[in-house]
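**Q** predicted coordinates and the sequence they were generated for:
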Amino acid sequence: MVLAAGLGTRMRPLTDDRPKALVEVGGKALIDHMLDRLAAAGVETAVVNVHYFADRLEQHLVRRAETHPLPHIVISDERPQALETGGGVKHALPLLGDAPIWVANIDSVWIEDASAIEAVARAWDPARMDVCLMLASTTESLGFHDTGDVFLGDGVVRFKDPGETAPLVYVGVHICKPQVVADGPEGPFSLLPIWKALAKDHRVHGVAPQGVWMHVGDPGARDVAEARLAKHSEVGRS
């Protein structure tokens, strides 16, 4: 599932006429960065939720399908109300099925040494975990929380307590059992409280692949990410 229904208020004025998912970084829409990553890792179907400028996003995805048949796109319509991360996944459960799923935000881009998505897939073990998060270094990532999100010990996630600085940030991609949201409330709700409850039972794990992650949360962060990607491309050509 690709979460693309956000209002993108921090990204204004770039989102005055489009959803955040269609803001371009390095000449490519944010949602295409993520869909291309998923396709390269073998994902065949992606459920995409839509809300803000929903028609424009759907039109973009139809045009994309003409040249990029994978992943096949299924729309989860949130036009009446944006449902946040947890509510969005719960709303899409009839489209997602019962098997473990990827859930991906559209506001992270990265430079990887090897496939980060495949690294998370290799770590996934449904007997030991209900969620497996993609993580990155707090100090080496760009645009994320300066104080980090989590600690990682033997693959098990511990969320930081108030006042702590954690060495790792969540970078917007994870595998989970879709059932983790089944008991969530009707309407909008976040995944984070569910993760924190599961983490108390050591059911949230994580992987920190090698690479540089950039959170594209506002126009300034978009410019930083573009510059970093351009620099990486120049090095690759030299």
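**A** That came in fine, so what should we check first?

**Q** Val131 is in contact with Trp124, correct?
**A** No: using Cβ atoms under 8 Å, Trp124 makes no contact with Val131, being 9.7 Å away. Any C-beta I mention is one placed from the backbone N, CA and C, and that applies to glycine too.

**Q** which of the two has more neighbours?
**A** Val131 (22 against 17; other Cβ atoms under 10 Å).

**Q** for that one, give me its contacts.
**A** Val131 makes contact with 174-177, 180, 195, 198, 203-205, according to Cβ atoms under 8 Å, 6 or more residues apart in numbering.

**Q** for Ala121, same thing?
**A** By Cβ under 8 Å, 6+ apart, the residues touching Ala121 are 41, 175.

**Q** that's a strand at it, yeah?
**A** No: under DSSP: H, G, I helix; E, B strand; the rest coil, Ala121 falls outside any strand and is assigned helix.

**Q** what packs against the top helix by length along the chain?
**A** Ranked by residue count under DSSP state H, the longest helix found in the chain is helix 219-237. Here helix 219-237 touches strand 24-25, strand 108-112, strand 211-215, going by 3 or more Cβ pairs under 8 Å, 6 or more residues apart in numbering; DSSP states H and E.

**Q** export it as PDB, just CAs?
**A** Listed next in PDB are the C-alpha coordinates belonging to helix 219-237 (Å, rounded to 0.1, in the frame of the first residue of the first chain):
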ATOM      1  CA  PRO A 219      10.100  22.900  -0.400                       C
ATOM      2  CA  GLY A 220      13.500  23.400   1.300                       C
ATOM      3  CA  ALA A 221      13.900  19.700   1.900                       C
ATOM      4  CA  ARG A 222      12.900  19.100  -1.700                       C
ATOM      5  CA  ASP A 223      15.700  21.300  -2.900                       C
ATOM      6  CA  VAL A 224      18.200  19.600  -0.600                       C
ATOM      7  CA  ALA A 225      17.100  16.100  -1.900                       C
ATOM      8  CA  GLU A 226      17.400  17.300  -5.500                       C
ATOM      9  CA  ALA A 227      20.900  18.600  -4.900                       C
ATOM     10  CA  ARG A 228      22.000  15.300  -3.200                       C
ATOM     11  CA  LEU A 229      20.600  13.200  -6.000                       C
ATOM     12  CA  ALA A 230      22.200  15.300  -8.700                       C
ATOM     13  CA  LYS A 231      25.500  15.100  -6.900                       C
ATOM     14  CA  HIS A 232      25.200  11.300  -6.700                       C
ATOM     15  CA  SER A 233      24.400  11.100 -10.400                       C
ATOM     16  CA  GLU A 234      27.400  13.200 -11.300                       C
ATOM     17  CA  VAL A 235      29.700  11.000  -9.300                       C
ATOM     18  CA  GLY A 236      28.200   7.900 -11.000                       C
ATOM     19  CA  ARG A 237      28.900   9.300 -14.400                       C
END
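
**Q** if we can go back for a sec, of all the helices and strands packed on helix 219-237, which one is nearest Glu118?
**A** Closest to Glu118 of the helices and strands packed on helix 219-237 is strand 108-112 (Cβ to Cβ; 9.8 Å).
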